[in-house]
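Asker: what shape does this take:
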Amino acid sequence: MTEPDDVTETRTAYDIVAEDYAALLRDDLAGSAYDRAMLDLFAERVAGSGGGLVGDLGCGPGRIAGYLAERWMDVVGVDLSPGMVEVARRDHPGLRFEVGSMSALPFRDGELAGALAWYSIIHTPDERQDALFVEFARVTRPGGALLLAFQAGEDVVHLTHAYGHDIDLRTRRQNPERVKRRLADAGFGPAAEFITQPVPPQKSPQAYVLAIRQT
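Answerer: Residues are numbered from 1 along each chain as shown. Alright, predicted model coming up:
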């Protein structure tokens, strides 16, 4: 079966930029209190429900997985890009990272105590997002937490140059209300949401949605 063009586009772009992307964002969390607050809330929610394996879905170079591991979380990262996974394994040698697709995750039904997709749903076209959230629900156990972070909006941004490289990549800003409806349809209940206004160089509001897998 031939994979969709956008999947090939995304993998190729992130393979190209992997090293420079990782270098640019390596210390980004230190300057983002909002990001840290939502990640800490997610970690507390997972721990409070008994703990267990957490999936970083679309993990990139592993910086979020590394942050969660520092908070004593058992975390595994999955990313479409072999280049990103190579960097993640190098920079976080004590953690597990796998090459894989968010649309067909390498986990058993209900295996995860929690999952997060940190700016990684933004590359999935609108018509495939319902199925994406159903897959997130499949691998998350009842009572498990799911944290999403994404740029809020409605437009598609076509990137032709980023992180010092010429690329061909589309990112899709998300409507938070639509995201929450899709999560509900997939079997998640709302827990918290947070939207921040853009701070340069950001060009759009940033949204965080925390949801709980229903029984």
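Asker: the longest strand in the chain is where?
Answerer: In the chain, assigned by DSSP state E, the strand with the most residues is strand 140-151.
Asker: show me what it is packed up against.
Answerer: helix 33-48, strand 112-118, helix 176-186, strand 206-213 (3 or more Cβ pairs under 8 Å, 6 or more residues apart in numbering; DSSP states H and E). C-beta coordinates here come from the backbone N, C-alpha and C atoms, glycine included.
Asker: what sits against residue 78?
Answerer: For residue 78, the contacting residues are 55-59, 97-100, 102, 105-106, by Cβ atoms under 8 Å, 6 or more residues apart in numbering.
Asker: how about residue 106?
Answerer: So residue 106 contacts 78, 98, 100 (Cβ under 8 Å, 6+ apart).
Asker: the strand or helix carrying the second one pairs with which strands?
Answerer: Pointing back at residue 98 there. Assigned by DSSP states H and E, residue 98 belongs to strand 96-99. Strand 96-99 sits in its sheet next to strand 74-79 (parallel), going by DSSP bridges.
Asker: tell me the helix or strand right after the strand it pairs with.
Answerer: Toward the C-terminus, strand 74-79 is succeeded by helix 82-91 as the next helix or strand (DSSP H and E).
Asker: average pLDDT across that following helix?
Answerer: Summarised as a single mean, pLDDT over helix 82-91 is 98.
Asker: what's the single longest helix in this structure?
Answerer: helix 5-25 (DSSP state H).
Asker: quick check: residue 148 touching residue 178?
Answerer: No: using Cβ atoms under 8 Å, residue 148 is not in contact with residue 178; the gap is 12.0 Å.
Asker: ok, those two, which is more surrounded?
Answerer: More crowded of residue 148 and residue 178, by other Cβ atoms under 10 Å: residue 148, with 28 against 12.
Asker: what bridges to the closest residue to the more buried one other than its chain neighbours?
Answerer: Using Cβ to Cβ, 6 or more residues apart in numbering and skipping the chain neighbours, the partner closest in space to residue 148 is residue 209 (4.7 Å). Legend: beta-bridge partners of residue 209 under DSSP bridges are residue 148, residue 193.
Asker: residue 209 contacts residue 180, correct?
Answerer: Yes: with contacts counted by Cβ under 8 Å, residue 209 reaches residue 180, the gap being 6.3 Å.
Asker: shared neighbours of these two, anything?
Answerer: By Cβ under 8 Å, 6+ apart, residue 209 and residue 180 have these common neighbours: 190, 193.
Asker: looking at the two, which has the bigger crowd around it?
Answerer: More crowded of residue 209 and residue 180, by other Cβ under 10 Å: residue 209, with 23 against 18.
Asker: give me the pLDDT value at the more buried one.
Answerer: For residue 209, the pLDDT comes out at 98.
Asker: gap between it and residue 145?
Answerer: Residue 209 sits 11 Å away from residue 145, going by Cβ to Cβ, to the nearest Å.
Asker: tell me the phi and psi of the closest residue to residue 126 other than its chain neighbours?
Answerer: For residue 126, ignoring the flanking residues on the chain, the nearest one in space by Cβ to Cβ, 6+ apart is residue 172 at 7.1 Å. Residue 172 adopts backbone torsions of phi -120, psi 110, taken as degrees, to the nearest 10.
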